[in-house]
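Asker: compute the structure for the input listed below.
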Amino acid sequence: MKIKFLALSRTTDLEIKSQTNIDEIMSDFFLAFAKEIDYDNRKISIEQLQKNTSDLKIKINNIVQKYKSSAPQINQLNKYFGDLKDNEFFFIFVNSNLNNEQYFNLYNYLSALEDNKDFGVASKEMDDLFGKLRENYDIIAFDKNTRKKIGEPDKSKRVCRFCNKGSEEVTFKKIAHSISESLGNKKIITNDECDSCNEKFGSGIENDLILYLNLYRNFFSVKGKNGIPKLKGKNFQIYNNGEGKIEIKHFLNEEEENDPNFDNSKIQLETNQNIVFQNIYRTLAKYALSVIDKQSLNNFENTIRWINQEFDGEKLPKVAMLTSYDLFCNHPQLIIYKLKKDHDSLPHAVAEFRFTFLTFAFIIPFSSKDKIDYSNEEDFNNFWKFFKHYNSIKGWKFSKIDDTTPKKLKMILNF
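Answerer: Model (predicted):
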């Protein structure tokens with residue numbers, strides 16, 4: 001029995017299995033969500049829209065305690081309903097496969113409920129923002145609710161999507177995280193990335209993005225393979241104890257010590273490592289191509305060559321960056337927009353990467369489907385205007401991340 005719970009806070013799938021008492025388990029399970037019970041005809045009526053009440057959580061916990069030994073999967077329920085807000089609305093579906101359109105409408109309905117809006121009004125607002133976009137693009141999201149292994153499950157049949165070598169030439173023993181594990185991703189895995197490419201990217205281009213995001217990894221307690229990173233640079237040390245205390249040490253140079261006008265409310269931190277900014281763009285594109293359906297990769301052969309540093313991009317589109325606590329996420333998120341059919345003035349593929357309170361929106365460059373490269377200001381502006389939901393948010397900054405010269409990364413803390 002497969003059950004899907006869909007809420008704004010979190011969506012999850014649960015498959016309940018038991019060798020002995022599955023009918024009894026399912027009967028008790030449905031009773032917890034029952035609207036009406038017809039005892040004479042042995043029928044239970046359940047509404048798909050439910051609310052996470054304290055009474056429901058007690059019923060769920062009773063079921064978990066009763067059946068946790070015979071059906072261990074049911075232990076997930078307490079965690080799920082504990083993660084939802086009190087009295088948050090959610091949908092429940094049994095053995096149902098929802099398409100993207102249905103997901104979109106259900107989330108709209110839940111958003112309207114949460115904001116106390118009329119669903120018709122909310123739907124019109126969402127259609128104004130996303131209608132044309134959804135007509136032209138397939139949209140797929142990967143976030144903290146996504147526990148997914150992308151690509152071929154059978155190691156003997158795998159072909160690496162980044163070097164095109166099969167299992168007779170390379171190995172697939174290591175876990176390849178679609179988004180770097182250092183950024184807190186434990187759930188989204190790419191099966192068809194070989195060990196050689198995984199090691200090359202991990203010690204290469206991905207390091208530039210991780211270095212760029214190190215301060216946020218530390219401040220927001222993002223745990224990678226080795227826990228929360230300790231930061232040490234030319235003139236600073238930063239330590240996060242994981243319990244809400246962050247210790248910052250800043251060492252003044254002789255000139256700063258002797259400057260009576262030195263402003264200690266704004267300090268510049270100098271790292272010891274070099275960073276190549278074009279590698280940040282390469283890594284963002286690499287994340288996107290790690291999750292995109294493999295059938296589409298034929299259109300990104302030049303993108304993969306660029307990611308593999310076979311050439312540098314001289315004409316790259318700008319990358320949009322936003323800082324907003326309204327969009328804060330405690331697990332990295334990735335959204336892919338891929339054109340349903342060719343278009344002369346829209347990019348073939350666009351991606352959005354979210355990390356803590358940062359959002360990067362970018363065109364995946366060098367697609368064979370693109371008629372233009374979007375490095376031209378007018379072409380880029382036309383693309384940006386089409387993505388109306390981006391325009392509805394203020395504060396975006398646009399940067400050319402195409403520099404290939406290694407530079408020492410400097411950060412400014414403003415107190």
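Asker: distance check, F93 against F5.
Answerer: F93 is 8 Å from F5, where distance means C-beta to C-beta, to the nearest Å. Where you see a C-beta, it was placed from the backbone N, CA and C, and this is true even at glycine.
Asker: do the same with W306
Answerer: 40 Å.
Asker: again, but for W384
Answerer: 36 Å.
Asker: same question for Q73.
Answerer: Q73 is 13 Å from F5, by C-beta to C-beta.
Asker: looking at these two, which one has more neighbours?
Answerer: Looking at Q73 and F5 with other C-beta atoms under 10 Å, you find the greater number of neighbours at F5, namely 20 against 13.
Asker: tell me who's in contact with N95.
Answerer: 1-3 (C-beta atoms under 8 Å, 6 or more residues apart in numbering).
Asker: in strands, which of the residues you listed appear?
Answerer: Here DSSP state E is the test, and those give 2-3 as lying in strands.
Asker: now pLDDT and distance to Y287 too, for the contacts of N95, in JSON lines please.
Answerer: Below are those laid out as JSON lines (pLDDT from 0 to 100; distance: C-beta to C-beta, whole Å):
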{"residue": "M1", "pLDDT": "72", "distance to Y287": "35"}
{"residue": "K2", "pLDDT": "83", "distance to Y287": "29"}
{"residue": "I3", "pLDDT": "87", "distance to Y287": "31"}
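Asker: which among the contacts of N95 gets closest to K369?
Answerer: Distance to K369, by C-beta to C-beta, is smallest for K2 among the contacts of N95, at 35.8 Å.
Asker: helix/strand/coil for Q295?
Answerer: At Q295 the chain is in helix, as set by DSSP: H, G, I helix; E, B strand; the rest coil.
Asker: ok, it - how many residues close by?
Answerer: Neighbours of Q295 (other C-beta under 10 Å): 7.
Asker: need the pLDDT of it.
Answerer: Q295 carries a pLDDT score of 89 in this model.
Asker: try E255
Answerer: 85.
Asker: what of T146?
Answerer: 67.
Asker: do the same with the one 10 residues further on
Answerer: Predicted confidence (pLDDT) for S156: 93.
Asker: cool, G224 as well?
Answerer: So, for G224, pLDDT stands at 87.
Asker: residues contacting it?
Answerer: 180-184, 217.
Asker: surely S221 touches K245?
Answerer: No: using C-beta atoms under 8 Å, S221 is not in contact with K245, being 10.5 Å away.
Asker: and the two? which has more neighbours close in?
Answerer: Between S221 and K245, counting by other C-beta under 10 Å, S221 is the more crowded of the two (17 against 8).
Asker: is the more buried one within a helix or a strand, and which one?
Answerer: Remark: S221 resides in no helix or strand, with elements defined by DSSP states H and E.
Asker: the nearest residue to it once chain neighbours are set aside and F220, how far apart?
Answerer: Distances taken as C-beta to C-beta, 6 or more residues apart in numbering place I228 nearest to S221, at 5.4 Å, with adjacent residues excluded. Per C-beta to C-beta, I228 is found 9 Å from F220.
Asker: same question, E206
Answerer: 19 Å.
Asker: how about L413, secondary structure?
Answerer: Applying three-state DSSP: L413 is strand.
Asker: I figured S70 hits I25, correct?
Answerer: Yes: using C-beta under 8 Å, S70 is in contact with I25, at 7.4 Å.
Asker: who's more crowded, the two?
Answerer: Using other C-beta under 10 Å, the more surrounded residue of S70 and I25 is I25, with 20 against 15.
Asker: quick one: the more buried one is in a helix?
Answerer: Yes: counting by three-state DSSP, one finds I25 located in a helix.
Asker: contacts only, for the residue nearest to S221.
Answerer: Here I228 is in contact with 217-218, 221-222, 240, 242 (criterion: C-beta under 8 Å, 6+ apart).
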